[in-house]
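J.: 3D, please:
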Amino acid sequence: MSYVDKQLTDGERVTYRTTLHPIIFLGPALTTGLGAFLFVEGPASLGAIFLLVGGLAFFVTWIRYTTSEFAVTDKRVLVKTGFISRKTMDTMLTKVEGVQVDQTVGGRIFNYGSVTVTGTGGSKEPLKMIRYPMILRQRVQEGSSATHAQAVEGHLKALQVGGAASVEPHEDDVVTQLERLAKLRESGALTQEEFEREKGKVLG
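T.: Coordinates of the predicted model:
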C-alpha cells in the first residue's frame, strides 16, 4: 500500500495523484548511452566508467521516482519524497493560501515544473520536477475553495442555531453574533467580503 493510501482517514478520498516527470531519467540515459558508445568504439576503459556511473545514476533516479508521491484529497495535500531520507508534507486544504507553479520553456513543452504550496504555518519549499503541475495546482485550488465554502457554511449554521434561541433577537444577541463573525474572519474562516455580507444580515 502506498504512503498516501495509508494516511487516508475514514471517508477521505483522493481526487488527484501525480508523480515526478520521467524526464528525470534523461541524464542517466545519456550517460549510459555515451558509455555504451565508448565501450564499443573505444577507449573501452572510459566507456566502462561511463556505463558504471550511468547505471548507478539510473538506479538512484529510479528509487527517487518510485518513492515520491503527490496527491490531493478532498481534505488535504499529501506529499512524500525519499526512501531512506524521507520528507513528508501534510497540508489541510482549508489552510492553503496559494499555489505557485514555475516552469521553464522545456517544462512547458514536456509538462513538468516546480509547485510551491503555501499555507498557514506551512512550508514554502518547492516540489520540483512534478508531472502536470498545472493540473495539480487546479485541483488544490478547487479543493481549497470547496472546503472553505463547506467550513463557512458550517460556521454560519452554528451561528444561526446559536442565535435561534430568541424569536426577536435582543441587542445582546446581535452583539454576540457580530463577535462570532469577527472571530471567524480573524481565523480566516470568513473573507472580508463574506464577513460584511453576514454582518449585514445580522444587522438587517
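
J.: surely F195 and K183 touch.
T.: No: when contacts are counted by CB atoms under 8 Å, F195 is not listed as touching K183 (10.4 Å). C-beta: built from backbone N, CA, C; applies to glycine.

J.: out of those two, which sits in the busier spot?
T.: Shown here are F195 and K183; by other CB atoms under 10 Å, F195 has more neighbours (17 against 12).

J.: what's the helix or strand for the more buried one?
T.: helix 192-203 (DSSP states H and E).

J.: chain center to that helix: distance?
T.: Put simply, helix 192-203 sits 31 Å off its chain's centre (CA atoms, centre = their mean, to the nearest Å).

J.: from the contact counts, what lies against that helix?
T.: Counting contacts by 3 or more CB pairs under 8 Å, 6 or more residues apart in numbering; DSSP states H and E, helix 192-203 packs against helix 133-162, helix 171-187.

J.: try 6 Å
T.: Helix 192-203 is packed against helix 171-187, with contacts defined by 3 or more CB pairs under 6 Å, 6 or more residues apart in numbering; DSSP states H and E.

J.: state the mean pLDDT of the helix it packs on.
T.: Averaging pLDDT along helix 171-187 gives 68.

J.: over to stretch 142-158?
T.: Mean pLDDT, computed over stretch 142-158, is 63.

J.: over to E125. Which of the three states is it?
T.: With DSSP: H, G, I helix; E, B strand; the rest coil as the basis, E125 sits in coil.

J.: got phi/psi on it?
T.: Torsion angles at E125 (phi, psi; degrees, to the nearest 10) stand at phi -70, psi 130.

J.: count the neighbours of L46 for me.
T.: The tally of other residues near L46 (other CB under 10 Å) stands at 13.

J.: settle this for me: it is touching L38, isn't it.
T.: Yes: with contact defined as CB atoms under 6 Å, L46 counts as touching L38 (5.2 Å).

J.: quick check, central residue of this structure?
T.: With distances taken as CA atoms, centre = their mean, the residue of the chain nearest its centroid is V77 (4.1 Å).

J.: give the contact list for that one.
T.: When contacts are counted by CB atoms under 6 Å, 6 or more residues apart in numbering, V77 touches T91, V117, V140.

J.: same thing but at 7 Å, please
T.: Counting by CB atoms under 7 Å, 6 or more residues apart in numbering, V77 makes contact with T91, L93, V96, V117, V140.

J.: for the closest residue to I49 other than its chain neighbours, what are its contacts?
T.: Of all residues not flanking I49 in the chain, G35 sits nearest, at 7.2 Å (CB to CB, 6 or more residues apart in numbering). By CB under 7 Å, 6+ apart, the contact set of G35 is G47, F50, L51, G54.
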